[in-house]
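Q: Requesting a structural model of the entry that follows:
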Amino acid sequence: MPVVTFGCDDLHTLLGHKVDLETLLDRVPQLGADIHSYDEKTDSLSIEFFPDRPDLYCVEGAATALRAFLGFAEGLQQYPVGDSKIVLRREESVNEVRPHIVAGVVLGVSLNDSAIKSLMELQEKLHITMGRKRSKVAIGIHDLDKITPPFTYKAVDPDSVSFVPLAKTECMSMREILTKHEKGKAYAHLLENKPLFPLIVDAEEQVISFPPIINGALTTVTVETKNIFIDVTGTDFNAVNGALNIVAAALAERGGAIQTVTVEGTSTFKTPDLQPRSREIAVAQVNSLLGCQLDAAGVCAALKKMGYGCESLGDKVCVQIPATRLDILHDVDVIEDVAKGYGYENFGNVLPSFQTFGSELNETKAANILRQLLIGYGYLETTTLTLTSEDAQFTKMKLPETEVVAVLNPISEDHTCLRVSLIPSQMALLRKNKHRDLPQRLFEIGDVVIDAVRHKHLAAVSISVKSSFTEIKSLVESVLRDLSVTYEIQPSSLGMFIPGRGAEIISAGKSIGVFGEIHPEVITNFELRYPVVAFELDAEALTDGKLERVA
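A: Modelled structure (predicted):
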C-alpha cells in the first residue's frame, strides 16, 4: 500500500493547528490508515494509506482529511474555481494512441522543497496505482510562466520532433528518448507498435510534454514557480479527470487559486470540475448495516467529520461527495465513512452470553498431518502467492490452458489469475534460489482454484544432480502408505513430465494427483540447470477420514 512520508511541521502548517504526536498516532488509524513509522530525528511521520484513497497520497490530502476528522473544519472542503481563458486543442490524431486529456491551472502557489517533493511523490504514486504504471493515467506538472497558450495535444511522427527532456541537457527526438532516457526505457512499451506518438506543445511549438513518457525540461517546476499548468492524459476519462482534481486540490492547499482550461476537440468542456456529486442515503440502511441507532442528524455529523457536505431530509440524508473521492461508488462506501466518522471506538462491545471452546478446523488438522510427514521426509515448507499468471501455470509448464479465475485489472503481468496448480509456484522458488547449494527439497500445502472452487493441494519438488523418477515415486508411495491410502499408478501424458517418466495416482476410481520427472524444456523455462522431480496431490482426498491419524 502507498506510504506517504512528511514532516510534522509541514502537516501542522497545512492543518492550521498544531496536533501532538500522541493524538496523530491515535486518530490517524481511525481514518482508515496505518502508522508505518515515526522518525524522531527528522520529526517525520510515515503513514500507509489504503489503495482506495488516492486523495490521501500526499501531505496536502492528508491535511484536508484530518482537518475535518479532528474537528477543525468539518464538512465539505470547497475550492473556488475561476476561468483561466486558456484553451487546449485536442486533435483527432491522438484517438488511436492516447485519446483523453484534461488540464487545469493553479495560480499563486507557494512552493518550497517539501512542497515540491510532496507534489512529485503524489504524481508518481498516482502513476503507479490508479494510473496502472502510466498506461491508464499520466500526469504532467509544468511552470506556466515558461510557455505560451493556447496549447495543442496531437500525435506526431516520433522522428519529426526533438526537445530537451526533463533532467537532461541533450536534445533528443521522441524516438531517441525511448532508448536513451531512463523514463523512456521504462515506459517505451506503452507506445510499442504506435506509428505516431502523443505530444503537447504551446503556441510557439515548444514541447511541454511527451505523455506518458516525460515532460520537457523547459517547464521544470522549482521553488521559484508560482503559476502551474497541469495536464493529465490517458485511456479512461473518469480516471484522468479524477487525477486532475486530486492534484489541483493539493496545490490549492498550498495557497493556489484553481482555474479551468477549456479543452476543445470532438466536444468542448472545461476542467477541472470540482463540483461535488450528490447521493441520498437512507438512515434506516445506515443503522441496519452498522447495527447502531443514529438519526439523520447523527449521520450528518459523522459524515461531516469525513469531509462530506450533508443535509438532513427526514429519514434520508443528502450527501455531497468531494470531487477528489474517487473511491465512492456505492451507498455502502458512504456508510463505511459514517462508521469512521461516528468512531469505531463508540460501537462498544458485548461479551458472549455462552462460554465456548475453539478447536481446529478439519482442514487445519489435515494440513498439520501432511506438514509433519513432509518435514519428516526432509523437505522444507514454503508459502507462495495464490495469484499467478497463465504464462507460469501453462506456457512454461508445457500444459494446455484451462479456464482460470482471472484478475479483471491486473497491475502486474505476473499476477493475472488464480493458480490451478502448486508445482509452478515451487518451480519459481527454485529459480529464485538457484544460487544456493543443492540438493533443495521444498513443499507447500496451499490453495488452488479449479472451476471457481477452492481446493487444498500438497506439492513438493526436489532438485539435485541425482534427482530421478525413482526418488519422487518413493516419496509419493511413502506419503500414501503413511496415510493408509489405497491407490494404483497409471502413466501420465502431461507435457511437464519427461515422456515415460510421469505418473497419475488413482484412488477410489478418481485421480488424486500426479508425479514425475520434470521435462528439460520446463526446467529451462524456469532458468534451472539440474534435474527436477515433483508431485502434486489433492490434500482433501488424501486425508478424508484419516484425521485421527498423526504421523
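Q: use CA for all of it now, contacts and neighbours both
A: OK.
Q: Name all residues that make contact with the most centrally placed residue in the chain.
A: Taking Cα atoms, centre = their mean, the centroid of the chain lies closest to Thr129, which sits 5.2 Å from it. Residues in contact with Thr129 (Cα atoms under 8 Å, 6 or more residues apart in numbering) are Pro51.
Q: make it 10 Å
A: 1-2, 51-52, 54, 136-137, 411 (Cα atoms under 10 Å, 6 or more residues apart in numbering).
Q: Could you do Gly7 as well?
A: Gly7 makes contact with 38-39, 42-46, 59, 114, according to Cα under 10 Å, 6+ apart.
Q: got JSON lines for the residues you listed, with distance to Arg529 and neighbour count too?
A: Formatted as JSON lines, those follow (distance: Cα to Cα, whole Å; neighbours: other Cα atoms under 10 Å):
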{"residue": "Tyr38", "distance to Arg529": "46", "neighbour count": "18"}
{"residue": "Asp39", "distance to Arg529": "46", "neighbour count": "11"}
{"residue": "Thr42", "distance to Arg529": "49", "neighbour count": "10"}
{"residue": "Asp43", "distance to Arg529": "51", "neighbour count": "12"}
{"residue": "Ser44", "distance to Arg529": "48", "neighbour count": "17"}
{"residue": "Leu45", "distance to Arg529": "47", "neighbour count": "21"}
{"residue": "Ser46", "distance to Arg529": "44", "neighbour count": "17"}
{"residue": "Val59", "distance to Arg529": "50", "neighbour count": "27"}
{"residue": "Ser114", "distance to Arg529": "50", "neighbour count": "13"}
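Q: With distance to His457, pLDDT and secondary structure added, can I get those residues in TSV?
A: Output for the contacts of Gly7, formatted as TSV (distance: Cα to Cα, whole Å; pLDDT from 0 to 100; DSSP: H, G, I helix; E, B strand; the rest coil):
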residue	distance to His457	pLDDT	secondary structure
Tyr38	42	89	strand
Asp39	44	88	strand
Thr42	49	89	coil
Asp43	49	88	coil
Ser44	46	90	strand
Leu45	43	89	strand
Ser46	39	91	strand
Val59	45	94	helix
Ser114	51	91	helix
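Q: Pick out whichever of the residues you listed sits closest to Phe497.
A: Proximity of the contacts of Gly7 to Phe497 (Cα to Cα) peaks at Ser46, which lies at 49.2 Å.
Q: In contact with the closest residue to the closest one other than its chain neighbours: list those residues for me.
A: Excluding the flanking residues, the one nearest Ser46 by Cα to Cα, 6 or more residues apart in numbering is Thr5, at 4.2 Å. Residues in contact with Thr5, defined by Cα under 10 Å, 6+ apart, are 36-39, 44-48, 57-59, 118, 121.
Q: Now name the helix or strand holding the residue nearest to Gln490 when sequence neighbours are not counted.
A: Closest residue to Gln490 apart from its sequence neighbours, by Cα to Cα, 6+ apart: Glu504 at 5.1 Å. Assigned by DSSP states H and E, Glu504 belongs to strand 497-507.
Q: what packs against that strand?
A: helix 469-482, strand 488-491, strand 510-518, helix 520-525, strand 532-538 (3 or more Cα pairs under 10 Å, 6 or more residues apart in numbering; DSSP states H and E).
Q: Can you say which of those is nearest to Thr386?
A: Ranking these by proximity to Thr386 (Cα to Cα) places strand 532-538 first, at 15.4 Å.
Q: Can you give the distance of that closest one from its chain's centre?
A: 32 Å (Cα atoms, centre = their mean, to the nearest Å).
Q: Listing partners with orientation, what would you give for that strand?
A: Strand pairing for strand 532-538, determined by DSSP bridges: strand 453-463 (antiparallel), strand 510-518 (antiparallel).
Q: C-alpha coordinates for the helix or strand following that strand, CSV please?
A: Following strand 532-538 in sequence order, the next helix or strand is helix 539-543 (DSSP H and E). The C-alpha trace of helix 539-543 is given here as CSV (Å, rounded to 0.1, in the frame of the first residue of the first chain):
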residue,chain,number,x,y,z
ALA,A,539,-4.8,-32.9,0.1
GLU,A,540,-8.5,-33.2,0.8
ALA,A,541,-8.7,-36.6,-0.8
LEU,A,542,-5.5,-37.8,1.0
THR,A,543,-6.8,-37.0,4.5
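Q: Quick one: list the elements packing against helix 539-543.
A: helix 362-376, strand 440-450, strand 453-463, helix 469-482, strand 510-518.
Q: quick check: mean pLDDT across that helix?
A: The pLDDT scores in helix 539-543 average 80.
Q: So what touches it?
A: Outside of helix 539-543, the residues within contact range by Cα under 10 Å, 6+ apart are 362-363, 365-367, 369-370, 445-447, 455-459, 479-480, 483-486, 507-508, 510-513, 549.
Q: Ok, stretch 444-456 next?
A: 363, 366-368, 370-371, 374, 379-387, 402-405, 417-423, 425-426, 457-461, 536-541.
Q: By neighbour count, sort out the buried ones in those.
A: 366-367, 370-371, 374, 379-380, 386-387, 404-405, 417-423, 425-426, 457-461, 536-541 (16 or more other Cα atoms under 10 Å).
Q: picking that back up, do you know which of the helices and strands packed on helix 539-543 lies nearest Val223?
A: Among these, strand 440-450 sits nearest to Val223 (Cα to Cα), with 52.7 Å.
Q: what lines up beside that closest one in the sheet?
A: By DSSP bridges, strand 440-450 pairs with strand 380-381 (parallel), strand 453-463 (antiparallel).
Q: By mean pLDDT, flag the weakest helix or strand of the protein.
A: Using mean pLDDT, DSSP states H and E, the weakest-scoring helix or strand in the chain turns out to be helix 539-543, at a mean of 80.
Q: so who does the nearest residue to Val106 once chain neighbours are set aside touch?
A: Nearest non-adjacent residue to Val106, counting by Cα to Cα, 6+ apart: Ile258, 4.5 Å away. Ile258 sits next to 79-84, 104-109, 228, 248-249, 251-252, 272, 274 when contact means Cα under 10 Å, 6+ apart.
Q: Just those residues: which are in strands?
A: With DSSP state E as the criterion, strands contain 81-84, 104-107, 228 from among those.
Q: hmm, which of the residues you listed are the buried ones?
A: For those, a burial check counting by 16+ other Cα under 10 Å picks out 81, 104-107, 228.
Q: would JSON lines of these with pLDDT be doable?
A: Shown next, in JSON lines, are those (pLDDT from 0 to 100):
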{"residue": "Val81", "pLDDT": "97"}
{"residue": "Gly104", "pLDDT": "97"}
{"residue": "Val105", "pLDDT": "98"}
{"residue": "Val106", "pLDDT": "98"}
{"residue": "Leu107", "pLDDT": "97"}
{"residue": "Ile228", "pLDDT": "97"}
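Q: which one of those residues sits closest to Pro211?
A: The closest of those to Pro211 turns out to be Gly104 (Cα to Cα; 16.0 Å).
Q: looking at it, Lys168 is touching Gly216, isn't it?
A: Yes: Lys168 is within contact range of Gly216, at 9.2 Å (criterion: Cα atoms under 10 Å).
Q: of these two, who's got more company?
A: Gly216 (21 against 11; other Cα atoms under 10 Å).
Q: and that one, bridged to which residues?
A: Pro165.
Q: ok, it to Arg175 distance?
A: Distance of Gly216 to Arg175, given as Cα to Cα, to the nearest Å: 14 Å.
Q: domain parsing for this protein?
A: Annotated domains of the chain cover 3-69, 81-271, 277-344, 362-543 [automatic domain parsing].
Q: Centre of the chain to the longest one, how far?
A: It refers to domain 81-271. Offset of domain 81-271 from its chain centre (Cα atoms, centre = their mean): 23 Å.
Q: That one: end-to-end distance?
A: Start-to-end, domain 81-271 (Cα to Cα) is 10 Å.
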